[in-house]
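A.B. asks: model this:
(chains A and B)
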Number of protein chains: 2
Amino acid sequence: MVQATTLPRNEAGINAAIDVLKQRFGEQLQTGQAIREQHGHTTTWITNQPPDAVLFPTSTDEVAEIVRTCADYGVPVIPYGTGTSLEGHVNAPAGGICVDMMRMDKILAVHAEDLDVVVQPGVTREQLNTYLRDQGLFFPIDPGANASLGGMAATRASGTNAVRYGTMKDNVLALEAVMADGGVIRTAQRAKKSSAGYDMTRLLVGSEGTLGLMTELTLRLQGIPEAIRSARCAFRSVDDACRAVMMTIQYGIPVSRIELLDEMSVRAANAYSGLDLPEMPLLLLEFHGSEAGVVEQADTFAQIAEEFGGFDIAATSTAEERSKLWQARHDMYWASLQLRPGAKGISTDVCVPISKLAECVSAARAKAEEMGLLAPMVGHVGDGNFHALLLIDMDSDAEREAADVYVGWLNELAISMEGTCTGEHGIGQGKRPYLQQELGGATRYMAAIKAALDPENILNPGKILEI
Amino acid sequence: MVQATTLPRNEAGINAAIDVLKQRFGEQLQTGQAIREQHGHTTTWITNQPPDAVLFPTSTDEVAEIVRTCADYGVPVIPYGTGTSLEGHVNAPAGGICVDMMRMDKILAVHAEDLDVVVQPGVTREQLNTYLRDQGLFFPIDPGANASLGGMAATRASGTNAVRYGTMKDNVLALEAVMADGGVIRTAQRAKKSSAGYDMTRLLVGSEGTLGLMTELTLRLQGIPEAIRSARCAFRSVDDACRAVMMTIQYGIPVSRIELLDEMSVRAANAYSGLDLPEMPLLLLEFHGSEAGVVEQADTFAQIAEEFGGFDIAATSTAEERSKLWQARHDMYWASLQLRPGAKGISTDVCVPISKLAECVSAARAKAEEMGLLAPMVGHVGDGNFHALLLIDMDSDAEREAADVYVGWLNELAISMEGTCTGEHGIGQGKRPYLQQELGGATRYMAAIKAALDPENILNPGKILEI
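C.D. replies: Next up, the predicted model:
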């Protein structure tokens, strides 16, 4: 298991910056151990590396002031949302100041006519959707956690709806960001498309806090569809299920969600969420459209599924049943952990071209069995993305090492299939060697961009790139 | 009228590089005046600034070798596709070597199951779609011209289908590119989504040849829809037509095309393309989906249109009628020029939030009338993007100056409406001052990226940024 790397600390600078910031921000700056550890990495298997202080700004000006102070003293700045990222993104390997964005939680403007909204980075996706519901609008990107929108943009998150609505890359129209020198920029206007200069929006989306701190996001919205229909379908094997997915996508059915749960995951969901789903490989689907449209989509899918031996096909347009099903899907991480109480979960995140999906999932399952690893699998399979959640006793050297071998093997397999080691979780600390394997020469130019925009390497150091 | 700026020439370097390249590439390098002028800017109003030589590489290795040689001698490199860009993108204000990509015109791999294709940059969009037709696939991005896909990616092009399928930003999965130091990179794998590192794909898309030369593109494809239905609808005013568009988009009808032609444009189309469309503000639409779906979409649109006084609504699913209509739309640039033979066309390209569309179009028309400018208007109005084509006698100082004033006025109006000066044509030479107005502080960081990736400023100098 890769331990989080430690980087050299600028002890004097850190102490001086904390003094200055404490004077300026008073109780908005906290240095207690509990709060610091809570802002180091906690949701995952990666060693916790707490920052030296946590600051809670309430405005863009305050963020700019914090960054300028840290730049003056050469001190790391680590932006923080809900802390639900999975690859050590919020760790502080060189110490420094964690900037907790969660007090910047205002929805600044809803432009219903333009289908967009302007939010501060600490707004969570559920907060936004609750706010929008009365206006018949929603924001589609839904990683499992109730993450902050700033964090979701920073990791280029996606989730179950991405097959229809894209990822954060496709749904952030514009950003306001504080750069490493404290300069505040706006990356784009609010027009739906633009050819005006370099795409700074997309450069910041997915940059994991290493190029700038997002202080305002303009997001694309969708109208709540006239009709929503859910469906589930069991298969005799994961391979059959994946083949049905491949055909569904190739056939062009505009599915909004198409999720795979393997037997083990279904068992976990039944136990955790009180469901009685058939304990077989299962596809969960959702269709958005007109009343007639969703029935047509669901029927076409059912025909395809039957060709691949799908059975126990059940569809519903009842809101209550639907939300129970999708809540269970969103709770899968926690449900799976219950399969082995006390174990830590290590999630893989490979994403492959859909033509390779069945082969990749089958190989991943066979390898886990061969290695004796408990690894329930779920997937945003419409995108070719799936997660094996390795349930590991972290006190066992042998298990930790086996997990390390497995993760490396699967990432390499996906890369060899022209896929990626990370469909949606990001690189963080944990996947830096695999980014090298995957994109090789391009990382040299990424490093040049990082050096140009953050020459002192103060923005979230030790993430994405091995510098 | 902004004349194309001239930059200092590195005369000795240019001569030395041409000698070396001539020895290496023989007849692949051309220096005749006609061919050089043909590779300077021709389709537009901007002064032609021909390169010193034109080179026709046939492989990535050759492109890398050309760039390395030019880097050694500090000589500009200007990538060239079909030369149909509109803002002086292919001019050579400091001289240098034009790299004509049109001999790199191979379709390297079609992955029908994954709905993607790998092409060389000189493949044109029509060539690609002809090739794909038998497989039931198509590439949706369609600027008017039969442009090269490399050029389309470089300018972040879009066109009539963008309202449904997005722009080049959304449809390039990955790139191979030669960077300023001659290094060859691959920006991403072939997975549908990824969170692996900085989004080098999106950084290069729209960078207009200033950050790297694209040598291979992996593009997303779409299945040819089961059914396609076209419709047209006349309105009593452009304002009414725009309001119908706004409602159609807000209502969530997944229109594939929704194009506006004003009276003057309709008149031009009728004359040029032998049509008998009603000479009123007109919307042309296309719907993609199932047989039932497209009828439902067209009916819902018709109801909305009628609310805004739409009349003479005609829909058809006949392929022949459809293609005649859309060919006429694609020929609008040439058709409009016929309204004033001998005049040059200067196209504006503003794009505003859809809620501002009616106001912006109406103001643009009123201003043109007030200034006595002949300016037929067409628009990809579903995206809030429209073009006024100013028909100008370039021999008249007064007209050139009026056009300059008008373009500046409209760009500033769009920017004040939170829109952009360019929805799809790009910045090139012509719009550099407006990029400054639009994104202000962000251009400083764009310049830092440019300096980091191309420290000698050899890649298409004098474009996008005022450096």
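
A.B. asks: when you work out contacts or count neighbours from here on, use the C-alpha atoms and nothing else.
C.D. replies: Fine.

A.B. asks: so is the residue of the stretch 51-200 of chain A at minimum distance from chain B in a helix, a strand, or just coil?
C.D. replies: Distance from chain B to each residue of the stretch 51-200 of chain A (Cα to the nearest Cα) is smallest for A:S194, at 4.1 Å. Assigned state for A:S194: coil (three-state reduction, DSSP: H, G, I helix; E, B strand; the rest coil).

A.B. asks: surely it meets B:T420?
C.D. replies: Yes: using Cα atoms under 8 Å, A:S194 and B:T420 qualify as a contacting pair, with a distance of 6.4 Å.

A.B. asks: spit out the residues that contact the two alike.
C.D. replies: By Cα atoms under 8 Å, 6 or more residues apart in numbering or on different chains, A:S194 and B:T420 have these common neighbours: B:C351.

A.B. asks: which positions in the stretch 101-250 of chain A make contact with chain B?
C.D. replies: Residues of the stretch 101-250 of chain A found near chain B, taking Cα under 8 Å from any Cα of the partner chain as the criterion, are A:113-115, A:155-157, A:167, A:170, A:183-200, A:202-207, A:222-223, A:225, A:246, A:250.

A.B. asks: distance check, A:E306 against A:A234.
C.D. replies: 10 Å (Cα to Cα, to the nearest Å).

A.B. asks: out of the two, which sits in the more crowded spot?
C.D. replies: When neighbours are counted by other Cα atoms under 10 Å in any protein chain shown, A:A234 comes out ahead of the other of A:E306 and A:A234, with 27 against 15.

A.B. asks: what bridges to that one?
C.D. replies: Taking DSSP bridges as the rule, A:A234 bridges to A:L282, A:F311.

A.B. asks: quick one: contacts for it?
C.D. replies: A:241, A:278, A:280-283, A:310-313.

A.B. asks: any of these buried? List them.
C.D. replies: Among the contacts of A:A234, those classed as buried by neighbour count (16 or more other Cα atoms under 10 Å in any protein chain shown) are A:241, A:280-283, A:310, A:313.

A.B. asks: what would those look like in CSV with pLDDT and distance to B:S256?
C.D. replies: Conversion of those to CSV gives the following (pLDDT from 0 to 100; distance: Cα to Cα, whole Å):
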residue, pLDDT, distance to B:S256
A:A241, 96, 31
A:M280, 95, 39
A:P281, 96, 36
A:L282, 96, 33
A:L283, 97, 29
A:G310, 97, 33
A:I313, 92, 32
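
A.B. asks: tell me the one among the residues you listed nearest to chain B.
C.D. replies: For chain B, the nearest member of the buried ones among the contacts of A:A234 is A:A241. The distance, counting by Cα to the nearest Cα, is 15.9 Å.

A.B. asks: what is the burial count for the residue of the stretch 51-200 of chain A closest to chain B?
C.D. replies: By the measure other Cα under 10 Å, the count of residues near A:S194 is 31.

A.B. asks: hang on, the earlier thing: what is the nearest of the buried ones among the contacts of A:A234 to B:P254?
C.D. replies: When the buried ones among the contacts of A:A234 are ranked by distance to B:P254 (Cα to Cα), A:L283 comes first, at 26.1 Å.

A.B. asks: please compute how far stretch A:250-266 lies from its chain's middle.
C.D. replies: Computed by Cα atoms, centre = their mean, to the nearest Å, the chain-centroid distance of stretch A:250-266 equals 18 Å.

A.B. asks: same question for that stretch, mean pLDDT?
C.D. replies: Stretch A:250-266 shows a mean pLDDT of 94.

A.B. asks: show me the contact partners of that stretch.
C.D. replies: Residues lying outside stretch A:250-266 but in contact with it, judged by Cα under 8 Å, 6+ apart, are A:160-165, A:238, A:241, A:245, A:249, A:277-288, A:297, A:300-301, A:332, A:336, A:376-382, B:113-115, B:222-223, B:225.

A.B. asks: where does chain A dip in pLDDT?
C.D. replies: Confidence mapping of chain A against pLDDT under 70 gives the ranges A:1-3, A:42-44.

A.B. asks: same thing but at 50, please
C.D. replies: The model of chain A has pLDDT under 50 over residues A:1.

A.B. asks: ok, and what's touching the strand or helix carrying A:T218?
C.D. replies: Using DSSP states H and E, A:T218 sits in strand A:212-220. With Cα under 8 Å, 6+ apart as the test, strand A:212-220 has contacts from A:59-60, A:63, A:79, A:115-121, A:139, A:149-150, A:171-180, A:190, A:204, A:459.

A.B. asks: what about 6 Å?
C.D. replies: Residues lying outside strand A:212-220 but in contact with it, judged by Cα atoms under 6 Å, 6 or more residues apart in numbering or on different chains, are A:60, A:115-121, A:171-179.

A.B. asks: and A:M394, how far is that from A:A403?
C.D. replies: Taken as Cα to Cα, the span from A:M394 to A:A403 is 10 Å.

A.B. asks: compare these two (neighbour count), which wins?
C.D. replies: With neighbours defined as other Cα under 10 Å, A:M394 and A:A403 compare such that A:A403 has more, 21 against 17.

A.B. asks: wait, a helix at the more buried one?
C.D. replies: Yes: the secondary structure assignment for A:A403 places it in a helix, going by three-state DSSP.

A.B. asks: got a list of what it touches?
C.D. replies: A:A403 makes contact with no residue, according to Cα under 6 Å, 6+ apart.

A.B. asks: and if we set it to 8 Å?
C.D. replies: Applying Cα under 8 Å, 6+ apart as the definition, the contact partners of A:A403 turn out to be A:1, A:346, A:373, A:390, A:392.
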